[in-house]
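Asks: From the sequence below, what's the structure:
(4 chains)
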Number of protein chains: 2
Amino acid sequence: MAKKNRNSGCPVSNSLDIWGDKWSLLIVRDLMYEKQCTYGDFLKSEEKIATNILATKLQILEAEEIISKSQHPESKAKFLYKLTEKGISLLPVLIEIYLWGEQYFELSENHKKFLQDVKKDKEAFLKRAQENLRKAL
Amino acid sequence: MAKKNRNSGCPVSNSLDIWGDKWSLLIVRDLMYEKQCTYGDFLKSEEKIATNILATKLQILEAEEIISKSQHPESKAKFLYKLTEKGISLLPVLIEIYLWGEQYFELSENHKKFLQDVKKDKEAFLKRAQENLRKAL
DNA sequence: ATATTCTACTTGTATTTTGCAAGTTAGTTA
DNA sequence: TAACTAACTTGCAAAATACAAGTAGAATAT
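Replies: Coordinates of the predicted model:
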């Protein structure tokens, strides 16, 4: 699972090479909400990612230093996944995707509530959320 | 090439179902820069998309009303692809991806210049760029 | 202590998507 | 009217995705 060579010179292309797929940003989304997740937590989320895909994507995101993997303080059988600083800096991207999606899809109540919060003051929300996530680093 | 059923309730998941891949946002990027492109223009861009993939992605993006296809005013052999309003509203997403990528990749000179412009005043840039694209609608 | 369950995966295989190379067809240009 | 261009399509190989089942070590229940 080595890093691919990225030489496009375009930051969009290089970024999409890492997390431009159906699942990576959903993993980041889960970590934005939960701060830290176990393997099982990811499996539980609504979109029902297949376990082998999850394993692969977690490996890639860890290799790219977007997430980190650490021991669970209460069990040797569990691991905790968290966003790194590089992952936390993806929040503005994620929020803009939320805001775009809001315009064109029917949302569930919890997502509506989340966006209400975001839209009150986007910059303030981001700052708050990112600071909050940094505490878990 | 029918639309898939999207019922996740999460706007991120629903959005990624449409354009969560390596190529779709690069097509949007090209249209942000160029305003309107022919099929051949897309093929010329740096990342060298395969022609069958391009055809498929253009179809999907058109079906999702993110881009529109119209006759070229000067030739019956050519078509013009443009961003729709739905596509234009993807610009904030694209810009945040640019800004994220800037932090973690080496950029080419033209992308550096572009970002310098963006960073002077992000909101103003977006408004200007979006208004500019709307003129071509 | 040991059998059962839990947690984080891995493996096998089918399906879908991506990628490359080579057509094809209608419209344009020499 | 022949060559060329533009926008695709087709065929096939390779890779990614998806589903189902299995495994190994740690925790829990008996």
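Asks: what's the strand or helix carrying residue A:114 packed up against?
Replies: Take DSSP states H and E as the rule and residue A:114 turns out to sit in helix A:109-120. Contacts of helix A:109-120 with other secondary structure elements, assessed using 3 or more CB pairs under 8 Å, 6 or more residues apart in numbering or on different chains; DSSP states H and E, are made with helix A:91-104. C-beta coordinates here come from the backbone N, C-alpha and C atoms, glycine included.
Asks: Check the separation of the first and last residues in stretch A:32-44.
Replies: The stretch stretch A:32-44 measures 16 Å between its terminal residues, going by CA to CA, to the nearest Å.
Asks: So which bits of that stretch are buried?
Replies: A:32, A:36, A:37, A:38, A:42 (16 or more other CB atoms under 10 Å in any protein chain shown).
Asks: Contacts for that stretch, please.
Replies: Judged by CB atoms under 8 Å, 6 or more residues apart in numbering or on different chains, the contacts made with stretch A:32-44 from elsewhere in the structure are A:27, A:30-31, A:49, A:51, A:54-55, A:58, A:72, A:78-83, A:91, A:94, A:129, A:132-133, A:136.
Asks: so of the residues you listed, which ones are in helices?
Replies: Where the contacts of stretch A:32-44 overlap with helices, as defined by DSSP state H, the overlap consists of A:27, A:30, A:31, A:51, A:54, A:55, A:58, A:91, A:94, A:129, A:132, A:133.
Asks: Produce a ChimeraX select command limited to the buried residues of these.
Replies: To isolate the buried subset of the ones in helices among the contacts of stretch A:32-44 in ChimeraX, counting by 16+ other CB under 10 Å, use the following:
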select /A:27,30,31,54,58,91,94,129,133
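Asks: with the ones in helices among the contacts of stretch A:32-44 in mind, which one is nearest to DNA strand D?
Replies: For those, the residue nearest DNA strand D by CB to the nearest atom of the strand is residue A:51; the value is 5.0 Å.
Asks: which residue sits closest to that closest one, ignoring its sequence neighbours?
Replies: residue A:43 (6.4 Å; CB to CB, 6 or more residues apart in numbering or on different chains).
Asks: The one you found: helix or strand, and which one exactly?
Replies: Counting by DSSP H and E, the secondary-structure element that holds residue A:43 is helix A:39-44.
Asks: what about that helix and DNA strand D, any contact?
Replies: No: contact between helix A:39-44 and DNA strand D, assessed by CB under 7 Å from any atom of the strand, is absent, since the two come no nearer than 10.4 Å.
Asks: quick check, the strand ranked longest in chain A touching chain B?
Replies: Within chain A, and with DSSP state E defining each element, the longest strand by residue count is strand A:75-83. No: using CB under 8 Å from any CB of the partner chain, strand A:75-83 stays clear of chain B, coming no nearer than 13.0 Å.
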